[in-house]
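Student: need a 3D model of the sequence below.
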Amino acid sequence: MGIVNVTPDSFSDGGDFLDPDHAIAHGQRLIAEGADILDIGGESTRPGALPVDAPEELRRVLPVIRGLARPGNPPVSIDTRHPEVAAAAVDAGASIINDIQANRTDPAMWHVVRDTRAGYVCMHMQGDPASMQNAPRYAHVTAEVLAFFQDRLEQLALAGVDPNRVILDPGIGFGKTSAHNLELLRNLRDFTRLPHAVLLGISRKSFLGKITGAGTLDRLPACLACTVWATQQGVQLFRTHDVAPTRQALQILGVIQSAPPEIQ
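Tutor: Below is the predicted model of the structure:
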C-alpha cells in the first residue's frame, strides 16, 4: 500500500504532494514501483496534528482520487475518519476506506462501508491524533488491542458490514509508546491467527528513530527489518512510503521461503 499524502503537515513528506498534479504523479511513480494499493489522505494523523474539516479534506483528495482511480491502476484507498469524505471518495473511485478512528461510537462510517461495499481498514488508536501520544497506558497492550478488534467486529456486524471486507491494523505508533509498539510486533501472530487480513503501518515511524537514532528519512533499513519480520508472522499488507525497496525485500524473502531451483 503506497502512501500519497495530500497534506501540508504530514510528519515525513508534508507539503511535498499538496498540489494535485504532483500527488497524481507521485501515485503513478508508486504504481511503477509495484504498489498494489494507493492510500490517499488529506488529513495528517501524526502525533499532535490538528483536525481538518471535511470540506477542506475533500478539496485536497478528490482531484487526486479521480486522477488515480482509473482502469488498469491498482485500487485506491481513502485514508479518512470522516464518513462524508469516505462516501464522496468512494463515489469518486476509491474502493477501500482506511479508518484510523475505528474507536468511534457513531456508526455513520460503518453505514458508508455497508452501503458502498468498500473494503474497510479497522485501526486501533488510543485517543486521537492531537492527544494520542500524551502518556498512553495499557495493562497488556496486545490483549487490549485484540479485545478492541473483537468489539469492533461485533459493532461492524451489527451495522451490516460484510466481515470479509474488514482488514485489521494494530495501529503502530497511534497511542503507543516504543515499548507498546515492540510488544505488538513481537505478538503479531496473535493478530494474524484471526480470520482477517492484517495491515501494518511502520513506515518511518518515530519509535524506529528512538531505537536507531536515525532521522525520519533514514529509517528504511529499520522499516524493512520490521516488514520482513511481520511477513514471517503472517502479515499480508504493508502501508509504506518506500514501495520499491519494500517490494524488493518481500520478493527476496518469498524466493528464499519457496526454495526455487537454483538461480544462475
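Student: can you give me the helices in the stretch 101-250 of the chain?
Tutor: 108-116, 141-158, 178-186, 188-192, 206-212, 220-232, 243-258 (DSSP state H, counting those that start in this stretch).
Student: for Ile37, find the nearest of those.
Tutor: Comparing those by their distance to Ile37 (C-beta to C-beta), the top pick is helix 243-258, with 10.2 Å. In this view, the C-beta of every residue, glycine as well, is placed from N, C-alpha and C.
Student: circling back: let me have the helices of the stretch 101-250 of the chain in JSON lines, adding distance to Leu58 and mean pLDDT as columns.
Tutor: Listed next are these as JSON lines, based on distance: least, C-beta to C-beta, whole Å; pLDDT from 0 to 100:
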{"stretch": "helix 108-116", "distance to Leu58": "14", "mean pLDDT": "97"}
{"stretch": "helix 141-158", "distance to Leu58": "24", "mean pLDDT": "97"}
{"stretch": "helix 178-186", "distance to Leu58": "32", "mean pLDDT": "97"}
{"stretch": "helix 188-192", "distance to Leu58": "32", "mean pLDDT": "98"}
{"stretch": "helix 206-212", "distance to Leu58": "29", "mean pLDDT": "96"}
{"stretch": "helix 220-232", "distance to Leu58": "31", "mean pLDDT": "98"}
{"stretch": "helix 243-258", "distance to Leu58": "26", "mean pLDDT": "95"}
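Student: so which of the ones you listed comes closest to Arg165?
Tutor: Of the helices of the stretch 101-250 of the chain, nearest to Arg165 by C-beta to C-beta is helix 108-116, at 7.1 Å.
Student: so, low pLDDT: which residues of this protein?
Tutor: 9-17, 48, 132, 259-264 (pLDDT under 70).
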